[in-house]
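# Generate a structure from the sequence data that follows.
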Amino acid sequence: MIEGLEVFPLKRFEDERGWFVELMRASKLPAPVRQSNLSFSRQGVIRGLHYHERGQDDLFVCLQGKARVVALDRETGETFTEDIGDGNFAAVYVPGNLAHGFEALTDVLMLYHVTEEYDAAAPDEHQLPWDDPRVAHLWSTTSPILSERDHTSES
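The predicted structure is shown next:
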């Protein structure tokens, strides 16, 4: 496991009404959450690889469907991957210095809590290509659906 990266198994408490789960406990996280984001991605989408030089960490939770979280330590080349959502209800904490992203293995509803608020005037988002040779083999697809931003890389 890459240093600072954590997987938190999530426990559902079920009864005749449905279920309840605690998604995040601030006291368990290395840094406080400052913003929460929700995204819907169609099957085959890859969002990433992104990293944050000023230290925004992400806590990913797949609320519906199944997603593959991928992380890369840009200095050591060490990699991490975890399928979350259907079949593995877990949250993945990724330190922002790691290049990271996720692939929608099905249509997914992804919640991610972040430790910094987004600043459109001075964004702290940098990219590596999704098919960087250190992680290309970790994705399930070789022809993902990408945003314009994820088609390009910046160092």
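# any idea of the mean pLDDT for stretch 55-70?
In this model, stretch 55-70 carries a mean pLDDT of 96.
# can you give me the end-to-end distance of stretch 44-55?
Terminal residues of stretch 44-55 are spaced 28 Å apart (C-alpha to C-alpha, to the nearest Å).
# Check which residues of the helix or strand of the chain with the lowest mean pLDDT are buried.
None of the helices or strands of the chain scores lower by mean pLDDT, DSSP states H and E than helix 148-151, at a mean of 77. Of all the residues in helix 148-151, those buried under the rule 16 or more other C-beta atoms under 10 Å are Asp150. For glycine as for every other residue, the C-beta is placed from the backbone atoms N, C-alpha and C.
# didn't Lys28 look like it was pressed against Leu10?
No. Counting by C-beta atoms under 8 Å, Lys28 sits too far from Leu10 to count as a contact (11.9 Å).
# Of these two, which one has the most company?
Legend: neighbour count by other C-beta atoms under 10 Å for Lys28 and Leu10, higher for Leu10 (15 against 11).
# Low-confidence stretches in this protein?
For the chain, the stretches flagged by pLDDT under 70 are 152-155.
# ok, which stretches of it are strands?
For the chain, the strands defined by DSSP state E occupy 6-9, 12-15, 18-21, 35-41, 46-51, 58-64, 66-72, 79-85, 90-94, 99-104, 108-114, 126-127.
# Glu125 and Val114: what is the separation?
Remark: distance between Glu125 and Val114 (C-beta to C-beta, to the nearest Å) = 11 Å.
# who's more crowded, these two?
Per other C-beta under 10 Å, whichever of Glu125 and Val114 has more neighbours is Val114, with 19 against 15.
# dump the residue contacts of that one.
33-37, 56-59 (C-beta atoms under 8 Å, 6 or more residues apart in numbering).
# of the residues you listed, buried ones?
Buried among the contacts of Val114 (16+ other C-beta under 10 Å): 33, 56-59.
# pretty sure Val7 contacts Ala90?
Yes. At 5.4 Å, Val7 and Ala90 qualify as touching, with contact defined as C-beta under 8 Å.
# What count of nearby residues applies to Leu38?
The burial count for Leu38: 10, using other C-beta under 10 Å.
# I misspoke; the intended subject was Glu16.
Using other C-beta under 10 Å, Glu16 is surrounded by 4 other residues.
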